[in-house]
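Colleague: Need coordinates for the below:
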Amino acid sequence: MSTTTVETSAQEKTGTGRLSEPRGGTRRRGSRSLLGSLASHGILIAGSLIALFPIAWLVFLSLGPDKDDYLHPGDIWGKMTFSNYTFVLTETNFFEWMKSSLIVSLGTTVIGVMIAATTGYAVSRMRFPGYKKFMWVLLVTQMFPIAVLIVPMYQILSDLQLIDSYLGLIMVYCSTAVPYCAWLLKGYFDTIPFEIDEAGRVDGLSPFGTFFRLILPLAKPGLAVAAFYSFITAFGEVAFASTFMLSDTKYTFAVGLQSFVSEHDAQRNLMAATAVLVAIPVSAFFYLVQKNLVTGLTAGGTKG
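Modeller: The predicted structure follows:
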């Protein structure tokens, strides 16, 4: 029987000029059963609740007026108050901590990303002697624990008279953020066609002009990831900040939280309220760069 005869017979059985639709007992390719859909949505909801529970619990504890309310959280329902937030905003150096945190974090982000971008671009485009070993050296610097680095860094900052200064702490944080960001951006620059650099040179642009005018606009997703990593690294770090910053007015948020803990007492209600307030700048920064985060995280791993 020929192919034409088979097709004609199928059309005659359906009563129309089209082939019959799949029966109710079969599913089309790519379709999902009701049970599978419910299971996937249930897993997503459970994962979301697990992720949101610590945040909701922290906000809940911050509404308890007593420092021992965390031991009896059920009693908070009948005495919720915003007095902890009022105390933190009016009776502590909260705004000084915020100023210090933003200065250090934004300074680390701007300087660190600029250095990392130029480093990653140079290694991605230029073949100078030892360029591969140079990247491995940057990676090796991430292997040393903070406890080993504090003493030599303190000695260096002391010789430069940068102890208890924003610039000194920014330099320390850049030494941590730049190696990782350089690796990240190097992988991202590898995904940008080299023909763009050649086109810039044909148009008379210098290497720096090509980098700033052509490459950086295309690398916004990678720069967003590097900026977010640098900001978070500086914003939440404790060990370096508590060692190199001696004035209480220059404490960052992470160090300021320690002021609520003494040898024999811990004001956990105030710590919870401060932690909630601390999360606001980070959330705002995340909101600004979120559009480019996913693209930057995935694109940098396609080559390299």
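Colleague: Tell me the secondary structure at residue 193.
Modeller: Counting by DSSP: H, G, I helix; E, B strand; the rest coil, the backbone at residue 193 sits in coil.
Colleague: next helix or strand past whichever strand or helix holds residue 132?
Modeller: According to DSSP states H and E, residue 132 maps onto helix 131-140. Using DSSP H and E, the helix or strand that follows helix 131-140 in sequence is helix 146-159.
Colleague: Check which helices and strands that following helix is in contact with.
Modeller: Applying 3 or more C-beta pairs under 8 Å, 6 or more residues apart in numbering; DSSP states H and E, we find helix 146-159 packed against helix 166-190, helix 239-244. All C-beta spots, glycine's among them, are computed from the backbone N, C-alpha and C.
Colleague: Mind listing what's buried along stretch 201-210?
Modeller: Buried residues in stretch 201-210, defined by neighbour count with 16 or more other C-beta atoms under 10 Å: 205, 210.
Colleague: and what of stretch 175-189?
Modeller: 176-189.
Colleague: re the thing from before, of all the helices and strands packed on helix 146-159, which lies closest to residue 230?
Modeller: Evaluated with C-beta to C-beta, the helices and strands packed on helix 146-159 place helix 166-190 nearest to residue 230, the distance being 4.3 Å.
Colleague: mean confidence score for stretch 103-119?
Modeller: Stretch 103-119 comes out with an average pLDDT of 94.
Colleague: buried residues in it?
Modeller: Buried residues in stretch 103-119, counted by 16+ other C-beta under 10 Å: 103-109, 111-113, 116-117, 119.
Colleague: Residue 62 is in contact with residue 269, isn't it?
Modeller: Yes - with contact defined as C-beta atoms under 8 Å, residue 62 and residue 269 form a contacting pair (6.8 Å).
Colleague: what residues are shared contacts of the two?
Modeller: By C-beta atoms under 8 Å, 6 or more residues apart in numbering, residue 62 and residue 269 have these common neighbours: residue 84.
Colleague: Once you drop chain neighbours, what's closest to residue 150?
Modeller: Of all residues beyond its chain neighbours, the one nearest residue 150 is residue 243 (5.7 Å), with distances taken as C-beta to C-beta, 6 or more residues apart in numbering.
Colleague: closest to residue 54 out of the helices and strands packed on helix 146-159?
Modeller: Nearest of the helices and strands packed on helix 146-159 to residue 54, taken as C-beta to C-beta: helix 239-244 at 22.7 Å.
Colleague: quick one: residue 121 from residue 136, how far?
Modeller: Using C-beta to C-beta, to the nearest Å, residue 121 is found at 18 Å from residue 136.
Colleague: And the two? Which one has more around it.
Modeller: With neighbours defined as other C-beta atoms under 10 Å, residue 121 and residue 136 compare such that residue 121 has more, 23 against 10.
Colleague: host element of the more buried one?
Modeller: Judged by DSSP H and E, residue 121 forms part of helix 94-125.
Colleague: picking that back up, switch the buried residues of stretch 103-119 over to TSV; also include distance to residue 128.
Modeller: Putting those into TSV (distance: C-beta to C-beta, whole Å) gives the following:
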residue	distance to residue 128
103	35
104	33
105	33
106	32
107	29
108	27
109	28
111	23
112	22
113	22
116	18
117	17
119	12
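Colleague: if we take the residues you listed, which one ends up nearest to residue 217?
Modeller: Nearest to residue 217 among the buried residues of stretch 103-119, with distances taken as C-beta to C-beta, is residue 117, at 12.1 Å.
Colleague: how about the nearest residue to the closest one, chain neighbours excluded?
Modeller: That would be residue 185: by C-beta to C-beta, 6+ apart, it lies 5.5 Å from residue 117.
Colleague: Okay, buried residues for stretch 50-70 please.
Modeller: Using 16+ other C-beta under 10 Å as the test for burial, stretch 50-70 gives 60, 61, 62, 63, 64, 67, 69, 70.
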